[in-house]
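Novice: quick one, structure for this:
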Amino acid sequence: MAEINMEKSVVVDSFPESALRYRDTHAIVVVDVYRFTTTVTTALALGRRVYPVQTTDQAFVKASTLVNPMLVGELGGHMPYDFDLSNSPAEIATRTDVRQPGNRPIVIVSSSGSQLLMNAHGSEAVYVSCLRNFSALAEYVHARHKRIAVLGAGTHGQFRREDQYGCALVAERLVKAGFRPESEATTEIIKRWSVAELDELRSGRSAAYLERSGQARDIEFTLSHVDDLRVVPILVNDEVVIANKDDLVA
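Specialist: As a prediction, the model looks like this:
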């Protein structure tokens, strides 16, 4: 393990409102493994533009300014009326309309993930992490920020196991790079989840809901695409873009 740099620190926390605690002091990494951050990262990797919002009204307004957009998302677990598809990384990955006029940008809303992401707007930097890109994300942010908050989206008062796992993977790599955990809870989450078996994510409440609602393919997609992308998404104004795009081209 690298020598601890007392000037650099990382904290793990959860829920959309937690962004307000760290927005003025930290760069923020947003984690919502099932399904928001996986959908966003997958869409960017496929060449789509991505615009996150917090409400359906905002989604329709933003879509009206774009060429041939798709409305993507869920609220309360259900796809909103008149949307094109749910917040599904598996669906995004199989669509072939990315080459249609306007590149079919997506406007995306979710119950927790997009709320957290937009609450974090205004911090030093806001990144998106999932199981697909956690190594690239940690590598990118550790050299650019001194204080980093890795925040799980959470729902119904629960810091979901898949988000604890996703947060721990990022935070554990930052600690190895010399970051100091800011809290005992951060240390415990890293200790518990950075060495957990991936199959543990199949038995949480989120996975149970996806199974009951006929969306199990998002579980399979998420758990079969681990650390396979180098894409580092970052929120810039009202759009999520690829922070390391030049490195990917090179």
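
Novice: which helix in the chain runs the most residues?
Specialist: The helix that spans the most residues within the chain, counting by DSSP state H, is helix 161-176.

Novice: name the helices or strands packed onto that helix?
Specialist: Applying 3 or more CB pairs under 8 Å, 6 or more residues apart in numbering; DSSP states H and E, we find helix 161-176 packed against strand 9-14, strand 27-31, helix 134-142, strand 147-152, helix 184-193, helix 205-212. In this view, the C-beta of every residue, glycine as well, is placed from N, C-alpha and C.

Novice: state the mean pLDDT of the fourth one.
Specialist: So the one you mean is strand 147-152. Looking at strand 147-152 alone, the average pLDDT works out to 98.

Novice: sheet partners, orientation included, of that strand?
Specialist: Paired neighbours of strand 147-152 in the sheet (DSSP bridges): strand 9-14 (parallel), strand 27-31 (parallel).

Novice: report the angle between that strand and helix 161-176.
Specialist: Orientation note: strand 147-152 sits at an angle of 160 degrees relative to helix 161-176 (axes from the mean of the first three to the mean of the last three CA atoms, to 10 degrees).

Novice: keeping just the C-alphas, turn strand 147-152 into PDB.
Specialist: Written as PDB, here are the backbone C-alpha positions of strand 147-152 (Å, rounded to 0.1, in the frame of the first residue of the first chain):
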ATOM      1  CA  ARG A 147     -10.500  15.400  -1.300                       C
ATOM      2  CA  ILE A 148     -12.900  13.000  -2.900                       C
ATOM      3  CA  ALA A 149     -16.400  12.000  -1.800                       C
ATOM      4  CA  VAL A 150     -17.600   8.700  -3.300                       C
ATOM      5  CA  LEU A 151     -21.400   8.700  -2.900                       C
ATOM      6  CA  GLY A 152     -23.800   5.900  -3.400                       C
END
